[in-house]
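Novice: quick one: sequence and predicted model below, then my questions.
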Amino acid sequence: MRPNLAARLGVWSAHHRKTAILGWLLFVVLATTIGGASGMVTASDDEMGVGDSGRAASILKDAGVEEPAGELVMVSSKTADGWRGAAGDLSKALTATGDTREIQAPLPSKDGKDALLRFEMKGASDDAADRVQPVLDAVQKVKDKGAQQGISVYQFGDASSEKQLGDLLSDDLTKAEFTAVPLALGILLVAFGAVVAALLPVGLALTACVGAFGLLSLASHQLHLFETTYSVMFLMGLAVGVDYCLFYLRRERDERAAGHDAETALRIAAATSGRAVLVSGLTVMVAMAGMFLSGLLLFKGFAVATILVVCVAMLGSVTVLPALLSALGDRINAGRIPFLNRKNKKGAHASGGIAGKLLHPVLAKPKFFAIGATVLLLALAAPALGMKTEQLGLEKQFGSDAPLSVSFRKITDEFPGGPAPAQVVVKADDIESKQVRDALAAVVRDAGKGAELTVHRGAGVAEIDIPLPGDGSGAESKKALGELRDDVVPAAFADVDADAYVGGDLASSEDFSDQLGKGIVPVFAFIAAVTFLLMLFSFRSVVIAVTSIALNLLSVGAAYGVMTAVFQHGWGAELIGSEKVGAVENWMPLFVLVVLFGLSMDYHVFVVSRIREARDRGLDNRAAIREGITRTAGAVTGAAVIMVAVFGVFGTLSMQDMQQMGVGLGVAVLLDATVVRMVLLPSLMTLLGERNWRTPRGLSWLPRISHSEGPVSGAAVDAGRPVPSGKV
């Protein structure tokens, strides 16, 4: 029987190791150099919109209407009008920077103790954050001077918040890189007990991330990206890159320890673990492709980033890794660490001893443990039934004590609707016709105090900024936005030849959430169908394919429940330095669903392939399960600990959405590698018995794929009978 693709790649790389290693390094250098020279293109605000808010933004963009970056500064005093001196100094300081325009007279609050200064940044809004530092410095000087007189100064705006967000993301990514990599290395040192063996997976994962970063920069010229995309790419790249190398390297070391020569051990590892890496990587990439069906630019960027980094990591694991293993030989165990490189009496590295003891009662009472594990996962998933999602505003993203959040809250409390007004955008062939003017006047009148009308006559466009009551994102603000969209604007433009749409920050958030609700069904259907087909083709078993989806759904449900409990209800949030925010970030459920469906296949394919390999050698179902679980326990545990550690780092970052992503993925992987793979999977497969391996007659045309090094008697497997030993 001809060796599978992974085996052929591994053998070729081992025989042409200089070509494979130098080719990999050349690829990484070229991708990094070309990608760095081209630069990354980020998505502009108007590209992010969907629904009516997206149409409103498109009208303004097509008309060439530049939306300047607006800034708000509130000066507060302990007495009425006590702010006037500081406000005058601030106006002069802002004018002196040369970066501001349209500085309006201070707007007093109702009690006269506060005043709001409104102004705009000069130039395009897209790069205003790069030019806002002199303005921030000017405000800080007035703030420091006023503090001695009991004066408080709070700033919030488009440019200042975007700059702080960008700085925070950069700091968080740096923190993640300098924390996650040493963590992964430390875990691998414990797992392998040798410095070289530990450095190899980390080195390959990092070079895969670097190469993928360069490719992503090139791709961003066709599909503009969000700033968070690179964080997601690094998270995924490090996790899967280390995992793939770990699975491959662990199998090669086990075969060497079992007495095989270097070439045979490498060939077996390539044919088995290498094949599992290819199947797993393909499954992850196809699952990620489901995000294209969401209809949202954010998820399209996530899809491109994760597909690229998983593809690069997968190819590196089945090409350059075998070449490095062949070149290193026994030096892979160089730098042995005392007490961590234990071997059993046969000379093989100790693996699966604890797993075997834990597995014994599971296989003895499979029904009891299957029910218990399912109940546990469902209990963890229960809070998700009350999950609320929303696009978390900057106040919730940064935390309630962050300076920007405090400024936002203070300004909103005294001047509702100021930081995030709704925006009605109107496009008409004759924007000055009586019908259109009357309709615009009706909207301004019904909107109440604070509505501002701007007409761009040359472009045939008008816009109305309407302050929303409340904090700009809560129930009161949403109610006002609904009335504006459902009643005020439709009534005013009912018989008018014009297009009128309601946009703004809150409208964009609501439209984004609506699109997510529509997109999650086709995305899930796509992922489920693809997972089913890939597992069916890999194992020729409908039962294995169906149970794979069911187990993944339990893991996802448990992750949803934990995210809801921690971040929506605040249960234990302080333990990770977070706080209750009352909701889950609206893009998080779909993202977690897609990522976990992909990542969980790492373990599932690896474990089930090893079980099938034992089954093909002639072991009965229960014995095959025992061998497959115990032989893969070390690699799965090591991979899971690394993934949980990497995700855990993201759970401690500053941004609320990064925390939610880290906690959700970390908890799911932990449950998947323990409760699901060590308890639920073996107990369920034991209960199903030989039905695990039967191929329905109608699907007998499916190709027979060997999960071991040699050919398999497909007839025996299809019939549910053991394959005689020696036939592999």
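Specialist: Structure received.

Novice: and A191, that's in a helix?
Specialist: Yes: counting by DSSP: H, G, I helix; E, B strand; the rest coil, A191 is located in a helix.

Novice: quick one: average confidence on the host helix or strand of E510?
Specialist: Using DSSP states H and E, the element containing E510 is helix 505-539. Here helix 505-539 scores 85 as its mean pLDDT.

Novice: could you do stretch 212-219 as well?
Specialist: 92.

Novice: same check, this time on stretch 549-563
Specialist: Mean predicted confidence for stretch 549-563 is 92.

Novice: so which residues of the stretch 1-150 of the chain form helices?
Specialist: 5-15, 17-38, 45-48, 51-62, 84-97, 128-131, 133-147 (DSSP state H, counting those that start in this stretch).

Novice: same deal with the stretch 601-728 of the chain?
Specialist: 621-651, 656-671, 681-688, 714-718.

Novice: same check on the stretch 251-400 of the chain?
Specialist: Applying DSSP H, counting those that start in this stretch to the stretch 251-400 of the chain gives helices spanning 262-269, 275-289, 297-318, 320-328, 353-364, 366-381, 394-398.

Novice: how about residues contacting the last one?
Specialist: The one in question is helix 394-398. 161, 164-165, 168, 404-405, 408-409, 471, 581-583, 654-657 (CB atoms under 8 Å, 6 or more residues apart in numbering). The C-beta positions use only the backbone N, C-alpha and C, and glycine is treated the same way.

Novice: show me what the following helix or strand past that helix is packed up against.
Specialist: For helix 394-398, the following helix or strand on the C-terminal side (DSSP H and E) is helix 403-414. Other helices and strands packing on helix 403-414, by 3 or more CB pairs under 8 Å, 6 or more residues apart in numbering; DSSP states H and E, are strand 70-76, strand 114-121, strand 152-157, helix 158-192, helix 394-398.

Novice: check which element follows the fourth one along the chain.
Specialist: Looking back up the chat, that one is helix 158-192. Counting by DSSP H and E, the element after helix 158-192 in chain order, helix or strand, is helix 195-219.

Novice: and the angle from that next one to helix 158-192?
Specialist: Helix 195-219 and helix 158-192 are oriented at 150 degrees to each other (axes from the mean of the first three to the mean of the last three CA atoms, to 10 degrees).

Novice: shaky segments in the stretch 1-150 of the chain?
Specialist: 1-2, 44-49 (pLDDT under 70).

Novice: any idea which residue is closest to the centre of the chain?
Specialist: V232 (4.8 Å; CA atoms, centre = their mean).

Novice: give me the element that one is part of.
Specialist: helix 229-257.

Novice: and the pLDDT for the closest residue to T228 other than its chain neighbours?
Specialist: Spatial nearest neighbour of T228, excluding adjacent residues (CB to CB, 6 or more residues apart in numbering): L169 at 6.8 Å. For L169, the model assigns a pLDDT of 76.

Novice: surely L169 and F234 touch.
Specialist: No: look at L169 against F234 with CB atoms under 8 Å: they stay out of range, at 11.7 Å.

Novice: which of those two has more neighbours?
Specialist: Using other CB atoms under 10 Å as the criterion, L169 and F234 rank with F234 on top: 25 against 19.

Novice: quick check: phi and psi at the residue of the chain most remote from its centre.
Specialist: Residue farthest from the centre of the chain, counting by CA atoms, centre = their mean, is K434 at 50.3 Å. Dihedral pair for K434: phi -60, psi -40, per degrees, to the nearest 10.

Novice: what sits against it?
Specialist: Contacts of K434 (CB under 8 Å, 6+ apart): none.

Novice: with A459 as the reference, measure out to it.
Specialist: 19 Å (CB to CB, to the nearest Å).

Novice: what about K388, how many residues nearby?
Specialist: K388, neighbours per other CB under 10 Å, totals 10.

Novice: cool, and V523?
Specialist: 23.

Novice: test my guess that it contacts V592.
Specialist: No: counting by CB under 8 Å, V523 stays clear of V592, with 12.0 Å between them.
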